[in-house]
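Q: I'll drop the sequence and a predicted model, then ask my questions.
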Amino acid sequence: MKKYYTMALSTIIGLSAMSIHAKTYVLTDIQNGIEVGNWKTTGQNYTVEQQVLHGGKQEGSKIITITSPTGLTITLSPTRGMGLLHAEGKGIHLGWKSPVTEVVNPAYIQLDSRNGLGWLEGFNEMLVRCGYEWTGHPTTIDGQIYSLHGKAQNTPASYVAVEIDEKPPFAIHIKGLIKESTFKKADLQTMTQLSYVPGETSFKLHDVLTNHADYAHDYQIIYHSNFSQPILEEGAKFLAPVSEVSPFNDYAKKGLKDWTTYLGPTKGFDEMVFNLKPLADSKGNTIAALVNKDNNKGVAIAFNTQQLPVLTLWKNTDTLKQGYVTGIEPGTSYAYPVNIEKAQKRVKQIEPGQSVSFDLTYSLLSDRSQVQSVENQIQKIQGTTAVKQVETPIAKE
Amino acid sequence: MKKYYTMALSTIIGLSAMSIHAKTYVLTDIQNGIEVGNWKTTGQNYTVEQQVLHGGKQEGSKIITITSPTGLTITLSPTRGMGLLHAEGKGIHLGWKSPVTEVVNPAYIQLDSRNGLGWLEGFNEMLVRCGYEWTGHPTTIDGQIYSLHGKAQNTPASYVAVEIDEKPPFAIHIKGLIKESTFKKADLQTMTQLSYVPGETSFKLHDVLTNHADYAHDYQIIYHSNFSQPILEEGAKFLAPVSEVSPFNDYAKKGLKDWTTYLGPTKGFDEMVFNLKPLADSKGNTIAALVNKDNNKGVAIAFNTQQLPVLTLWKNTDTLKQGYVTGIEPGTSYAYPVNIEKAQKRVKQIEPGQSVSFDLTYSLLSDRSQVQSVENQIQKIQGTTAVKQVETPIAKE
Amino acid sequence: MKKYYTMALSTIIGLSAMSIHAKTYVLTDIQNGIEVGNWKTTGQNYTVEQQVLHGGKQEGSKIITITSPTGLTITLSPTRGMGLLHAEGKGIHLGWKSPVTEVVNPAYIQLDSRNGLGWLEGFNEMLVRCGYEWTGHPTTIDGQIYSLHGKAQNTPASYVAVEIDEKPPFAIHIKGLIKESTFKKADLQTMTQLSYVPGETSFKLHDVLTNHADYAHDYQIIYHSNFSQPILEEGAKFLAPVSEVSPFNDYAKKGLKDWTTYLGPTKGFDEMVFNLKPLADSKGNTIAALVNKDNNKGVAIAFNTQQLPVLTLWKNTDTLKQGYVTGIEPGTSYAYPVNIEKAQKRVKQIEPGQSVSFDLTYSLLSDRSQVQSVENQIQKIQGTTAVKQVETPIAKE
């Protein structure tokens, strides 16, 4: 029989057996009745802190912040599917400004609202995991609304732990378990992990999706990674090795010729989306980047095309208040509704008991040489392959 | 980078720069991480108290009560969009009895439920702000349910402050910010304010709706103000200067000849709604009132037709348990669905950065002379203008 | 005017006037502002404990556990409509294992999700009350989704009390009030009661549904009682006196010949549902049971066919991870959508002010003689009446 223990706030939970060489702080564990509220630990060159937010629609939302004075400050929210709110380092902000300023507790989100666009009432993160049961633009099939970008991002984590390695380079790992478990429907459980070495200007995601059911299940995932000023600006560039680019819809057609460069905040721009086929090295490793006009600020996302075969570029260079932002979105799918993705064979299956991993490295680029180095990597992968521009959208919503 | 401070409960926050001559108690401020739970302040002839409610669907809901022994007791709920639950003074209750007895936390409301009538699972207030993104009866347009009376009322306030003037007449102001901020959709923010001078038997609302987006946006608002016993009774009267009355629908046609008088609790009555065109003085000021049969109890609402050009009268004189209540509802719109209101040109636009104000004064009338005085004001505005009775509803739902 | 008192956690509230010979602990009372968090009381051979759960989607959910070392351990959740999570005694577990492992707070449930199947995101109980406003499979009528099995189970209790009799046999009663109160729609209030005598291996439910409205209202209820291992296994049997069995749908037709016996966990089985017409004694009393292959473990449900005239048998002998479970479901209705139940005259009406009671006794059977005794009772009621097998489903969804 299950036992439930309720811990006093700010209580620190002891060592886990899982990582012998790491100090483990379990902040949430529904299995063992552990729940920690405001909490903080401090090391030589870092602090990790959990705060419970209050007021408005963020009542009860939690955020965890890693602060490394010489490196990055990274903030994520266990309540919002371990979504990464923003990171910052070397004076450069990674993230964007949404009209949604609260860290909205999913209790106040109705995903089916606005014909499946309720997700937009909470969207303000630097990284949102769009999945895993389904993702993409909303659609209604047999009366069921497949709401925008699935349910994971609006699912509070069932297990949250901070693990701090006791051996160099003393990496900090924040783990969070997102359960998409519905009787008769799915038992997809994703153990997300963000790893960061204090002092560094990059961090890694290592997410493991496991199908706990006895039946194979479709899955989709888009790592919806969003950036704005100071990197995004007029003349900023998108860089990635690709074999093909196509406009997501008719509106994006007119942006095809300039698809790698950005406008400044532009009233009436709304959004243009491009579907990319990324190239990779022989192991599937590749990299995509956003760099500013002067080539001295940027952000790069390294990922593997065996895990995440397609790449969506979301250019939302509308006004600042509207949300001036671009999304670099490695995924298993493009952003079309699930039925289109399914018809076009981009919806994957995960077998009973099977796990699939997704690894991404986000790097802040804070000077010209770092930017150049990433450009070199990208050019090396691109090699002499021409970028095929497909004029016609591959699907119609 | 945003900072989040979590304050201990019952902590009082210092003076705001906004109102130099007022003592300001910030009870909620998501921007600065302030959140106060149970709280109370007492003055010479008043107390202001915030309580956090628990149990059932009211878990976590907050209410603020102003109590002035010689004047009014006024209760509102920050969790429910600063809606005003009830007021009371001179032994007269302003408000009504709904079968919904809890102060329902919007976390437990699904507005799209019941084909857009989920709002009814929480409705029990004396004053509900119906808006601002849309209002009116629900309708489905292009798959999106425009749920009954919009989202504001089921939005917890992001900023709540009690300001107490330090100069006569020592007015108490309760401010609450309701944000309807959704990426791509709207950034309508309404700073509501209720002002009350202890000892008096009236209070004022001053709401400022601001469009924080870079695009013009439609808005609608209905100040859905609801009263029952002891004012509402058989023979009670509705008074307002109007140029025209029309039935909302076919069912209301049969009530047209008696539209200004009320029945007692009447089984099977359900509701009759009348659309009114209010008259006003040269500055747009006007007044509507409900008075009892004996003309010695009543409630009056003063408003301005430049802000709120139309007036809905909702006669819901069904049985007591069903909710015996009448609504006096100054607004920009009637209660038709948004597409009808739009077609009939009653949906307004607010420009980027623009603010629009709504000012209403609610007065308790506790004797014959107060009732007479309001009747006189109304007659003066009505003058010799005849009330045109339109027999046919101006729209069909 | 209503008063709200907020009690400190773990505060015990004094004697109620309702049950003079019982000690009453009020744990939740929205009317009087009472709310108790973690709480425990201990007697000679029992403890009763309330715990507030945290983490994931169970944030804020409460459970109450009665533990009687020589008898049963029974766990229910006030937050989830007083649903009964599981019971255990003599080493036998009553309940089942759902992929949903959390005690999901209804704040995180959207019943209309998945075209009315959102209920499945929280379903893991041994007993769920499916009703009372409606029940059955979801359907959409005039745009309204009648979501699976109604709203009661996802309604937090407005009043919760533990009453402990001070006279032999010192029964423990857990009361919980579930309000389905929606303006214009319903005011159905159900005072649920679970009664248990420490040391015994059975417990009783006594639920009183009252129509607080001034209008008659339809109601439906299914006592969805779910069991699995160690009783459910290959060769386990369902026993009940019935006059007729029919398959719920075409898929169940092929299971008709073996309808009283069970398979072990069977991949691809999904679910077969059978509609039963229970027989009863002259007072309407009857009994249904699940017994294991060896006839030495079982569970019996005694109920009254005047209260609950029909019986649904849900055989969900799919794999363990998928949820290996059978439901024995006395009810007013079968599990067809409300419009079918209505057309076939199984939807009942409750008059204004009327109360209807539902009484069920759940008994753990832990040896051969207990099983035999129940079999004897069932055979006695069945007598010589033949079981009519209807080949064709009585309705099509």
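A: Thanks, I have the structure now.
Q: okay, CA-based contacts and neighbour counts for the rest of this
A: Fine.
Q: which bits of chain A sit near chain C?
A: Contacts of chain A with chain C, taken as Cα under 8 Å from any Cα of the partner chain, map to A:4, A:6, A:28-30, A:33-35, A:79, A:106-108, A:110, A:112, A:143-146, A:155-159, A:181-184, A:187, A:212-214.
Q: at 6 Å instead, please
A: Contacts of chain A with chain C, taken as Cα under 6 Å from any Cα of the partner chain, map to A:28, A:30, A:35, A:107, A:143-144, A:156-158, A:181-183, A:213.
Q: out of those residues, who's nearest residue C:383?
A: Distance to residue C:383 across the residues of chain A next to chain C (Cα to Cα) is lowest for residue A:183, with 38.8 Å.
Q: okay, now that closest one: neighbour count?
A: Residue A:183 sits with 21 neighbouring residues when counted by other Cα atoms under 10 Å in any protein chain shown.
Q: in three-state terms, label the closest residue to it other than its chain neighbours for me.
A: In this structure, residue A:183 finds its nearest non-sequential neighbour in residue C:120, 5.3 Å apart by Cα to Cα, 6 or more residues apart in numbering or on different chains. Per DSSP: H, G, I helix; E, B strand; the rest coil, the secondary structure class of residue C:120 is helix.
Q: how far away is residue C:120 from residue C:111?
A: Distance from residue C:120 to residue C:111, counting by Cα to Cα, to the nearest Å: 9 Å.
Q: picking that back up, what's the most distant pair in the residues of chain A next to chain C?
A: A:35 and A:143 (37.8 Å).
Q: and the helices in the stretch 51-200 of chain A?
A: A:113-116 (DSSP state H, counting those that start in this stretch).
Q: what's the helix or strand containing residue A:40 packed up against?
A: Element membership of residue A:40 [criterion: DSSP states H and E] is strand A:39-42. Packing partners of strand A:39-42 (3 or more Cα pairs under 6 Å, 6 or more residues apart in numbering or on different chains; DSSP states H and E): strand A:47-52.
Q: which elements pack onto the strand it packs on?
A: Counting by 3+ Cα pairs under 6 Å, 6+ apart, strand A:47-52 packs on strand A:39-42, strand A:62-67.
Q: now the longest helix belonging to chain A: buried residues?
A: Scanning chain A for the helix with the most residues, using DSSP state H, yields helix A:368-382. Residues of helix A:368-382 classed as buried by neighbour count (16 or more other Cα atoms under 10 Å in any protein chain shown): A:370, A:371, A:374, A:375, A:377, A:378, A:381, A:382.
Q: please state the offset of the helix or strand following it from the chain centre?
A: Per DSSP H and E, the first helix or strand lying C-terminal to helix A:368-382 is strand A:388-389. Centroid separation for strand A:388-389 versus its chain: 27 Å, with Cα atoms, centre = their mean, to the nearest Å.
Q: same thing with stretch A:307-320?
A: 12 Å.
Q: can I get that stretch in CSV, CA atoms only?
A: What follows is stretch A:307-320, C-alpha atoms only, in CSV (Å, rounded to 0.1, in the frame of the first residue of the first chain):
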residue,chain,number,x,y,z
GLN,A,307,16.7,11.9,-32.4
LEU,A,308,15.2,15.0,-33.8
PRO,A,309,15.2,14.7,-37.6
VAL,A,310,13.4,18.0,-38.6
LEU,A,311,13.8,21.6,-37.8
THR,A,312,11.2,24.4,-37.7
LEU,A,313,12.2,28.0,-37.9
TRP,A,314,9.6,30.3,-36.4
LYS,A,315,10.1,34.0,-37.3
ASN,A,316,7.8,36.1,-35.2
THR,A,317,9.4,39.4,-35.7
ASP,A,318,6.3,41.4,-34.8
THR,A,319,6.4,44.4,-32.4
LEU,A,320,8.1,44.1,-29.0
